[in-house]
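> kindly return the folded structure for what I paste below:
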Amino acid sequence: MPRQMMSPSTMLTLPISEDRDHILGPPNAPVTLVEYGDFECPYCGQAYWVLKELEAQMGDQTRMVFRHFPLTQIHPHAGRAAEAAEAAGAQGRFWEMHDMLYENQDALDDYDLVGYAQALGLDVRRFRAELLTGVYAPRVREDFLSGIRSGVNGTPTFFINGRRHDGPWDLDSLMAAIEPEIMKRSVKGGGRTGEQRTKARKIQVRQAPER
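Modelled structure (predicted):
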């Protein structure tokens, strides 16, 4: 029977790049989780806390990548918030701004964004100027178009090791999708470290059905 090929629309089309992407986690992690997100999307706001817990439980077994997919027709502040994250990233504080935006989704107008920049200790004059002139709008648009090409049509959308995750994104579901990827990389790499094996066992215990 011929091998079934994945549709291009279910695979990540823009490769992850250390030079352009926002990455949290070790480069040799067995699992890379890419999120296409919208800072004003309430579902992304829920997923934010799920990913925080996932990161805490998985440790160095995962690395997180965030790409922008602002749905500006229904979330009018999402585009500017994405540009604010990029402006913060240009000053080395992308993930701090990312967290602040998700934790304050009901306050994303320009005044709020500048306030967050000030709270993070950014060069506020530079931040405000870049925001007002749309310096990072092309970068946000680039992320958005890469999402379209990868089959993203809503937020949040996740890719696990380059393949789109079409299932639920609650903590247990994401961990259940990630564990086989860890096992595959373990077989290819000749085994996991003791710490990785311990974490894997914890995941398996968590997923065990109740008797």
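
> just the strands in this protein please.
Using DSSP state E, the strands assigned to the chain run over residues 22-24, 31-37, 62-68, 157-160, 163-165.

> right, and the ones you listed - which one's nearest residue 121?
Distance to residue 121, taken as CB to CB, is lowest for strand 22-24 among those, at 18.8 Å. From N, CA and C alone the C-beta is placed, and that goes for glycine too.

> what sits opposite residue 64 in the beta ladder?
Taking DSSP bridges as the rule, residue 64 bridges to residue 24, residue 33.

> circling back: can I get the strands of the chain in JSON lines with distance to residue 76?
Shown next, in JSON lines, are these (distance: least, CB to CB, whole Å):
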{"stretch": "strand 22-24", "distance to residue 76": "23"}
{"stretch": "strand 31-37", "distance to residue 76": "16"}
{"stretch": "strand 62-68", "distance to residue 76": "15"}
{"stretch": "strand 157-160", "distance to residue 76": "21"}
{"stretch": "strand 163-165", "distance to residue 76": "27"}
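
> could I get those as TSV with distance to residue 79, mean neighbour count and mean pLDDT?
Output for the strands of the chain, formatted as TSV (distance: least, CB to CB, whole Å; neighbours: other CB atoms under 10 Å; pLDDT from 0 to 100):
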stretch	distance to residue 79	mean neighbour count	mean pLDDT
strand 22-24	17	17	97
strand 31-37	13	24	98
strand 62-68	9	23	97
strand 157-160	17	21	98
strand 163-165	23	18	96
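
> what's the closest of the ones you listed to residue 95?
Among the strands of the chain, the nearest to residue 95 by CB to CB is strand 22-24 (5.9 Å).

> now do that closest one: distance to the chain's middle.
8 Å (CA atoms, centre = their mean, to the nearest Å).

> distance check, residue 169 against residue 107.
Distance from residue 169 to residue 107, counting by CB to CB, to the nearest Å: 25 Å.

> more neighbours, the two?
Taking other CB atoms under 10 Å, residue 169 and residue 107 do not tie; residue 169 has more neighbours (19 against 14).

> residues contacting that one?
With contact set as CB atoms under 8 Å, 6 or more residues apart in numbering, residue 169 has these partners: 47, 50, 156, 158.

> and for residue 164?
Going by CB under 8 Å, 6+ apart, residue 164 touches 10-12, 150-152, 157-158.

> what is the burial count for residue 115?
Counted with other CB under 10 Å, the neighbours of residue 115 add up to 15.

> quick thing: my sequence starts at 686, can you match it?
Let's use 686 as the start, then, which means that last one is residue 800.

> quick one on the thing from earlier: just curious, which of the contacts of residue 854 is nearest to residue 763?
residue 841 (12.5 Å).
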